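In: One predicted model, sequence on top.
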Amino acid sequence: MSYVQVRNLSKSFDNNQIFNNINFDIHKGEFISLLGPSGCGKSTLLRSIAGLHNVDSGNVYVDGEDITYKDVQKRNIGMVFQSYALFPNLNVFDNIAFGLKLKKLSKEVIRKKVLQIIELVDLTGKENYYIDALSGGQKQRVALARALVVEPNILLLDEPLSALDAKIRKKLRTMIRQIQQELNLTTIFVTHDQEEAMIMSDRIFLMDKGNIVQQGSPIDIYTNPVNKFAATFIGNYNILKKKFSLKYFNLNCQTAIRPEAITLAISNTDVIDYDYCLNGRISNVQLLGNIIRYNVKLDDFSLNVDELNDINRMRFFKQDAVKLYFKTKDIQPLKDTINEF
Amino acid sequence: MLKNVNHYYHKTIIYTVLMLMALPILATLVYSFSTKWGATILPDGFTFKWYIDLFGDFRFWSAFLRSAIVSVGALALGLVLLIPIILLACHSAPILLKYLNYIILIPFAIPPVVSSVGLLQIYSDSALNISGTAYILIGTYFTIIIPFIYRSITNSLSAVNVHDLVDAARLLGSSTFKAFILVVLPNIKKGILTAVFISLSVLLGEFVFANILVGTQYETLQVYLYSKRVASGHFTSALVITYFAFIFLFTVIASYIGTKNELRSSKKSV
Ligand SMILES: Nc1ncnc2c1ncn2[C@@H]1O[C@H](COP(=O)(O)OP(=O)(O)OP(=O)(O)O)[C@@H](O)[C@H]1O
Ligand SMILES: [Mg+2]
C-alpha cells in the first residue's frame, strides 16, 4: 500500500474552486515534484496536505491513517516555505531547535540533534548567527534543517529555491535530493521550473488549473506528453493542429513533436531511416549554446528543429531549402481534453 | 568632491534648523537657572532656587505621580486590547486592517474640546459614574493613543510575515496562541516600545482633556503647570525643563533599544 494516499480532495475559497477531486499515491521515500504554472493551486494543495487549509471534501491518508482532520501540530509534517519563514528573533541554533524544544526533549539531546543536522546542511559555525545576517541560500538551508530535525513523516517543499540565484539553486537542489535519499524521506516538492522537476524527481505530477493532468517519471512525462498543456509546459514541443496532423501524419488529433526528434538535411542521402519526409525552408537560426535552433517554414505551418552545435555537422543558413525527416514514434498524439489523464 | 560639498551644504542647513529649534528650549533652560533676567543680554546671576522650590513642592510630585498613573494605565489598556486585535486581524482577516486604518483616524479628526463634552455626557449618564475621576481620564487617554499604538505596531508588523511564521511554528508543534507569543511578539518588540514612548510623551503633555474632564480634582502635571502660570516665570521654566528632560530621557531610551536591536542583526556573515 502507498505511504501517502490522496482521495477525491477538493478545496475552494469562497466559491472559487481551486482543485476538485484530486487523487494520487506516493510511495515511502519517493521524491515527487508538483509541477505547474503560477496560480494552478500547487501551494493550496500542499498546504491542504499539511493541514494549514481545511479541505471541502476528500481524504488524506499517511501510512494508512486518515489525517484529513488531524491537528496541524500532530501531523508530523515538515514544511519549507518560499519565504523561508524563519524566526528573526532567534539565531540559527534556536530556529532549528524550536520544534525539539516544543517536544520537551532534554537540553543535551536537543543540542546533539541540532548540531548533527547543522552539519548535514553544511552550516557548521553559523549556530549563533541571526537570520538577518545570512544569505538567501543559508537561510533556506536553516529552514530545511528546522523542518528535518523533528524527523517528519513527510517533507513538503513549496518552491524553496525560487528566490535564489541560479548557481545556488543548482547546488541546493543537489543537496536536497542527497539528503532526501539518505533519510529515505517521502517528499513533495513544489516548483514551476521543469528542469528542476526533471532533475530531482522520482515522479512528476503535472498540474494545470487545479487538475493533475499527468503523472509519471521525468522521462515518461518528457517523451509522452498527454495533452497540449503538458507538451507546451515540458520541453519546447512543436504542436500541430488536428487538420495538419491528419494531412501529413494521418493522425486525427493534435500532435506534438520534440524539436530534437526532427532531422534536417539538404538531400535524403544523409538519413538512414524515416517514416515521413516534408520540405521546408529555414526562416531563422538561433544559437542556444550547445544547441542550434532552426525555425523551418513549411507549406502550412512552421516547426522548431534543434540540432547539436557540433562542428562536424552540416550547418544550415537562413533561406536554405531543407528536407525534414520524422519517425512515427516521435509523433505524439495529444488528448483534446485536459481533465483526465 | 561634489559629494563632499553637498554633504557640508546639507549639514549646515540641518544644524541651523536644529539651532533655531533648540533656541527657545535653551533660553528656557537658562531662564530657569537665572536669578533675574530682564533688560540685559545675559542674566544677572545663576541659581538653583527655582528647582529647589519645584522639587520641594509636594504638589509637584503628586501631580507627577498622577500623570504617570493615568498615562501608564491608558497605555496598558491600549496595549492589552490592541495588540491581540491587530495580530488576529493580521493573521486571519487582513481585510479588517483596511477598515481599522480609517477607524483609528477618528481620535485625530475630532478636536479634544469637542470630544471631551461628548465624553462627559456619556460618562455622567452611565451606570458607573466615573466623571471627575482618574478612570475617565484613563479611558479618554486610551482613545488618544489608539492611533499611535496602532501605527507603530502595524508598521513593525509589515516587516514580519506573520502568516508564514505562525504556520511554520504550528507545523513544528506549537499552538496558534503560543506561536504568537514565541515568534510574532518578539519581532514587533520595537514597534511596541515605540508605541510606549510616543504614547507616554503625548500623554504627559496632555492638558485639554485633563483640565476639562477632571481639572483640579485630579491634578496632573500639565494642570499643575497651568495653575502655576501666575507664579514666577523662572519657576515655570524650571518645571518645563524638568518635563522636557523626562521626554528626552524616554526618547534616548527608545532609540537606544532600537539601535541595540540593529547592532545585533547587522553582525554579517563572512
Ligand atoms: N487564502 C486564500 N484565499 C483566497 N484565494 C486564495 C487563497 N490562497 C490562494 N488562493 C487562490 O488560489 C489559487 C491558487 O493559488 P496557489 O497559491 O495555490 O497557486 P500556486 O500554484 O502555488 O501558484 P504560485 O506558483 O504562484 O505559487 C489562486 O488563484 C489564488 O488566488
Ligand atoms: Mg505557490
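Out: Looks like it arrived, so ask away. For clarity, every value in this text was computed on a predicted model and none was experimentally measured. Ligands and ions are numbered 1, 2, ... in the order given.

In: now for the helix ranked longest in chain B, which elements pack on it?
Out: Longest helix in chain B, counting residues (DSSP state H): helix B:58-92. Counting contacts by 3 or more C-beta pairs under 8 Å, 6 or more residues apart in numbering or on different chains; DSSP states H and E, helix B:58-92 packs against helix B:94-103, helix B:134-157, helix B:162-171, helix B:189-204, helix B:221-227. Where C-beta positions appear, they are placed from N, C-alpha and C, glycine not excepted.

In: Direction-wise, compare that helix with helix B:189-204 and give the angle.
Out: Orientation of helix B:58-92 against helix B:189-204 (axes from the mean of the first three to the mean of the last three C-alpha atoms, to 10 degrees) gives an angle of 140 degrees.

In: all helices for the stretch 151-300 of chain A, in order.
Out: For the stretch 151-300 of chain A, the helices defined by DSSP state H, counting those that start in this stretch cover A:166-183, A:194-200, A:218-223, A:228-233, A:242-249.

In: out of those, deepest packed?
Out: helix A:228-233 (a mean of 20; mean count of other C-beta atoms under 10 Å in any protein chain shown).

In: now it: how far from the chain's centre is it?
Out: Using C-alpha atoms, centre = their mean, to the nearest Å, the mean C-alpha position of helix A:228-233 is found 14 Å from that of the whole chain.

In: Quick check: mean pLDDT of that helix?
Out: Averaging pLDDT along helix A:228-233 gives 89.

In: hmm, it in reach of ligand 1?
Out: No: Helix A:228-233 is not in contact with ligand 1 by C-beta under 6 Å from any ligand atom; minimum separation 12.7 Å.

In: quick one: low-confidence ranges for the chain?
Out: Went with chain A since none was named. Residues of chain A that meet the criterion pLDDT under 70 lie in A:267-271, A:336-341.

In: not quite, I wanted chain B
Out: For chain B, the ranges with pLDDT under 70 are B:1-5, B:124-131, B:254, B:257-270.

In: domain assignment for it?
Out: Domains of chain B are assigned by automatic domain parsing as B:1-47, B:58-269.

In: Quick check: buried residues in the longest helix of chain B?
Out: Along helix B:58-92, these residues count as buried under the neighbour rule (16 or more other C-beta atoms under 10 Å in any protein chain shown): B:60, B:63-64, B:66-68, B:70-75, B:78-79, B:82-83, B:86-87, B:89-91.

In: okay, the domains of chain B, which one's buried deepest?
Out: Comparing these by mean count of other C-beta under 10 Å gives domain B:58-269 as most buried, with a mean of 17.

In: residues in contact with the nearest residue to A:Phe81 once chain neighbours are set aside?
Out: Using C-beta to C-beta, 6 or more residues apart in numbering or on different chains and skipping the chain neighbours, the partner closest in space to A:Phe81 is B:Asp164 (5.1 Å). Neighbouring residues of B:Asp164 by C-beta atoms under 8 Å, 6 or more residues apart in numbering or on different chains: A:Phe81, A:Ser83, A:Ala85.

In: what about the last one, which helix or strand?
Out: With elements delineated by DSSP states H and E, A:Ala85 resides in a region that no helix or strand encompasses.

In: Would you mind confirming that A:Lys209 makes contact with A:Lys42?
Out: No: between A:Lys209 and A:Lys42 there is no contact under C-beta atoms under 8 Å: 11.4 Å.

In: out of the two, which sits in the busier spot?
Out: Between A:Lys209 and A:Lys42, counting by other C-beta atoms under 10 Å in any protein chain shown, A:Lys42 is the more crowded of the two (24 against 17).

In: residues in contact with that one?
Out: A:Leu34, A:Gly36, A:Asp158, A:Val190, A:His192, A:Met207.

In: try it again with 6 Å
Out: A:Leu34, A:Gly36, A:Val190, A:Met207 (C-beta atoms under 6 Å, 6 or more residues apart in numbering or on different chains).

In: hmm, back to that, want to throw the helices of the stretch 151-300 of chain A into JSON lines with distance to B:Ser175?
Out: As requested, the helices of the stretch 151-300 of chain A are arranged in JSON lines below (distance: least, C-beta to C-beta, whole Å):
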{"stretch": "helix A:166-183", "distance to B:Ser175": "28"}
{"stretch": "helix A:194-200", "distance to B:Ser175": "34"}
{"stretch": "helix A:218-223", "distance to B:Ser175": "40"}
{"stretch": "helix A:228-233", "distance to B:Ser175": "40"}
{"stretch": "helix A:242-249", "distance to B:Ser175": "57"}
